[in-house]
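# coords please:
(chains A and B)
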Amino acid sequence: MKLFAALAAAAVLAGCATAQLVAVVPAADGHIGAVVVKHWWTEKVLDSAYGAHRIGSNGFTETATLTPAEVRESFGTTLDALPGRPVSYMLYFLEGRDELTAESIAELDKVFAEIKLRPLPDIVVIGHSDTVGNLAFNDRLSLARAERLREMLVDLGIPAERVEAAGRGKRELLVPTEDNVSEPRNRRVEINVR
Amino acid sequence: MRKTLILGIILAFSGAAVAADVGLVKVAKGDVRIERAGAKLPATVGMGLIISDVIVTGADGSAGITFTDNSLVSVGPGSVFAIDKYSFDTTTHAGEFQGSLKQGRLAAVSGKMVKQSPESMKIRTPSSIMGVRGTEFLVQVDAKP
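Predicted coordinates for the structure are as follows:
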């Protein structure tokens, strides 16, 4: 009788699983990704909006499609804690100089306002140049452009140690050109904010 | 004896400084602690996280983390999430991210490494392993009865 009870308990334990739920949700841009759930020898690919896979505490599995309201209900607090998506901005410069174009100056306020909204942003500013001039000149120029933006961001109140600046010279053209071509779209900085 | 102790403390701290941050706490609401090498540290916004850190939230806690490859992970109340493995090469975007959700709720947005090689990000739970092909997903693990 004792043995029987022990066997029964073992059987219950074996059938017992930690209950869980996995769901795929649309990204901010509407993109639906995919997640593969591997459970024992089974593999289930979830690749539809709100597609979900559930393992019950009895070990049984099922797939379902949740509603946005159900997702909100159980994951609302969790989703609210997701940090802001990384963003990047592009600003353009006058030829051969570390001065922004008038259009980019006009855009600065909007960019800075968005950056200020983020709790504790960490920022990488990468400067670029067009192909006018030699490699060393453009390396210096692109770094000067990045440093210029970095100073502005620090002036804005972002701690200096959270803003990195780097120059890529003419190594990473936005618009591919021959050497010694003046191309406004290549004279730029990327501000990557995380 | 005292000198040895002080030296030990200095070594421990310099060791901690060498371990590179793999992520940064961006959101910490309510009771959020980081378990690191046996210590329980209160999580603060801006705190760097390292491999084998465990994020533990209380009944009113939630936290959000950005990783160096731009992956985002958040955990809701009553959660335990461990960073088991993490590597990311900023030049090639190759990397590996293994985390485990022991209990609670998690939301994640995969980053550059998954874009480069699908399923390089894996989330384990007590019952299964999830291979992430992108991008946004949710996991809930009920506390053991």
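# only C-alpha atoms from now on, for both contacts and neighbour counts.
Will do.
# who are the contact partners of the nearest residue to B:Ile129 once chain neighbours are set aside?
Spatial nearest neighbour of B:Ile129, chain neighbours left out: A:Lys38 (5.1 Å); criterion: CA to CA, 6 or more residues apart in numbering or on different chains. Applying CA atoms under 8 Å, 6 or more residues apart in numbering or on different chains to A:Lys38 gives the contacts A:44, B:128-131.
# which SS class is A:Lys38?
The local conformation at A:Lys38, judged by DSSP: H, G, I helix; E, B strand; the rest coil, is strand.
# which bits of chain A sit near chain B?
A:17-27, A:31-40, A:75, A:77-79, A:81-83, A:85-86, A:119-120, A:194 (CA under 8 Å from any CA of the partner chain).
# now do 7 Å
A:17-27, A:33-39, A:77-79, A:81-83, A:86, A:119-120 (CA under 7 Å from any CA of the partner chain).
# in ChimeraX, how would I select the buried members of the residues you listed?
The ChimeraX selection below is limited to those of these classed as buried (16 or more other CA atoms under 10 Å in any protein chain shown):
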select /A:17,18,19,20,21,22,23,24,25,26,33,34,35,36,37,38,39,77,78,79,81,82,83,86,120
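# so which of the residues of chain A next to chain B belong to helices?
Members of the residues of chain A next to chain B lying in helices (criterion: DSSP state H): A:77-79.
# what is the rounded mean pLDDT of stretch B:52-64?
The predicted model assigns stretch B:52-64 a mean pLDDT of 98.
# buried set for that stretch?
B:52-58, B:61-64.
# what's the answer for stretch B:84-99, then?
Buried residues in stretch B:84-99, defined by neighbour count with 16+ other CA under 10 Å: B:84-88, B:93-99.
# distance from it to the middle of the chain?
Here the centre of stretch B:84-99 is set off from its chain's centre by 13 Å, with CA atoms, centre = their mean, to the nearest Å.
# quick one: the strands in chain B?
Here chain B has its strands, by DSSP state E, at B:23-29, B:32-36, B:39-42, B:48-49, B:54-57, B:62-67, B:72-75, B:80-88, B:95-109, B:121-124, B:129-134, B:136-141.
# please read the previous query as pertaining to chain A.
A:20-24, A:34-39, A:42-46, A:51-55, A:61-65, A:87-92, A:123-127, A:163-167, A:188-193.
# dump these into a markdown table; add distance to B:Val114 and mean pLDDT as well.
Formatted as a markdown table, the strands of chain A follow (distance: least, CA to CA, whole Å; pLDDT from 0 to 100):
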| stretch | distance to B:Val114 | mean pLDDT |
| --- | --- | --- |
| strand A:20-24 | 15 | 97 |
| strand A:34-39 | 11 | 95 |
| strand A:42-46 | 16 | 95 |
| strand A:51-55 | 20 | 96 |
| strand A:61-65 | 24 | 95 |
| strand A:87-92 | 18 | 94 |
| strand A:123-127 | 21 | 93 |
| strand A:163-167 | 25 | 93 |
| strand A:188-193 | 19 | 94 |
